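Enquirer: please work out how this folds:
(2 chains)
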Amino acid sequence: DAGVIQSPRHEVTEMGQEVTLRCKPISGHDYLFWYRQTMMRGLELLIYFNNNVPIDDSGMPEDRFSAKMPNASFSTLKIQPSEPRDSAVYFCASSLGAGTGELFFGEGSRLTVL
Amino acid sequence: GDSVTQMEGPVTLSEEAFLTINCTYTATGYPSLFWYVQYPGEGLQLLLKATKADDKGSNKGFEATYRKETTSFHLEKGSVQVSDSAVYFCALRGGSYIPTFGRGTSLIVHP
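Expert: Here you go, the predicted model:
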């Protein structure tokens, strides 16, 4: 089975530009999570979806960040406008079923904002 | 709310040394506990898990026992290899369904 697929793997952009990160979860999984990883703050949960519905977006740092999940096989995380402090690795993860199951992570999207 | 505290790194060991990475947690109810590993340039992947008290998770020579009385889930391995060099994350997932991760502990194993 294919795992969680993220694109792009690397993105370098200039401050003020729009950035869109994409994620395809594992087929059949009903939970999807977006995380941000930095040296300073570690792994931060930004938002998560259940059955395509956003459940908790309290981790989204500010209004410049938005996330959507139009269907069960696709999600996007958008930053507009981007700033240098947004530079980080962004991970998407999915899991199956309510409860206490494990998460399956993608390989991440490394974003550098100049 | 839920929280996970794990020892800060880096942990530096010689090959074949014994490894312990401490992890303690705070949670309501009876969460499942996990150890994830992140190799350089990759995403996190599950190393082992335990779903109830006194359960022992094990994989690839690593072990961790769910200790409810001490709210701990320490990771151990009897003989580390250079290929074990990675960042290790302790995590829990409880009744809120929101996974909670520790800060991660970097392990460096020298030949």
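
Enquirer: could you look up the SS state of residue B:83?
Expert: helix (DSSP: H, G, I helix; E, B strand; the rest coil).

Enquirer: look up the closest residue to it, ignoring the ones flanking it.
Expert: Spatial nearest neighbour of residue B:83, excluding adjacent residues (C-beta to C-beta, 6 or more residues apart in numbering or on different chains): residue B:109 at 7.9 Å. Heads up, the C-betas are built off the backbone N, CA and C, glycines and all.

Enquirer: could you do residue B:43 as well?
Expert: Nearest to residue B:43 is residue A:105, by C-beta to C-beta, 6+ apart, at 3.5 Å.

Enquirer: burial of residue A:29, as a residue count?
Expert: Residue A:29: 18 surrounding residues under other C-beta atoms under 10 Å in any protein chain shown.

Enquirer: next one: the worst-scoring helix or strand of chain B on mean pLDDT to chain centre, how far?
Expert: Least confident helix or strand, chain B: strand B:100-101 with a mean of 91, by mean pLDDT, DSSP states H and E. With C-alpha atoms, centre = their mean, to the nearest Å as the basis, strand B:100-101 stands 11 Å off its chain's centre.

Enquirer: just checking: what are the partner strands of that strand?
Expert: According to DSSP bridges, strand B:100-101 forms sheet pairs with strand B:86-93 (antiparallel).

Enquirer: strands of chain A, start to end?
Expert: Along chain A, counting by DSSP state E, strands occupy A:5-7, A:10-13, A:19-24, A:31-38, A:42-50, A:53-56, A:65-71, A:74-79, A:88-95, A:104-105, A:109-113.

Enquirer: what does chain A put close to chain B?
Expert: By C-beta under 8 Å from any C-beta of the partner chain, the residues of chain A that approach chain B are A:4, A:31, A:33, A:42-43, A:45, A:48, A:50, A:56, A:91, A:93, A:98-108.

Enquirer: buried subset of those residues as a ChimeraX selection?
Expert: In ChimeraX syntax, the buried subset of the residues of chain A next to chain B is picked out as below (16 or more other C-beta atoms under 10 Å in any protein chain shown):
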select /A:4,31,33,43,45,48,56,91,93,100,101,102,103,104,105,106,107,108
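
Enquirer: quick one, what contacts the spatially most central residue of chain A?
Expert: Central residue of chain A (C-alpha atoms, centre = their mean): residue A:34, 3.2 Å from the mean position. Applying C-beta atoms under 8 Å, 6 or more residues apart in numbering or on different chains to residue A:34 gives the contacts A:23, A:45-48, A:67, A:75, A:77, A:90-92.

Enquirer: go again with 7 Å.
Expert: By C-beta atoms under 7 Å, 6 or more residues apart in numbering or on different chains, the contact set of residue A:34 is A:46-47, A:67, A:77, A:90, A:92.

Enquirer: Three-state assignment for residue B:28, please.
Expert: Under three-state DSSP, residue B:28 comes out as coil.

Enquirer: and it, how many neighbours does it have?
Expert: So residue B:28, with other C-beta under 10 Å, has 10 neighbours.

Enquirer: look up phi and psi at it.
Expert: Per-residue torsions, residue B:28: phi -90, psi 150 (degrees, to the nearest 10).

Enquirer: ok, the one 4 residues further on next?
Expert: Main-chain torsions, residue B:32, degrees, to the nearest 10: phi -90, psi 150.

Enquirer: repeat for residue B:78
Expert: phi -70, psi -30.
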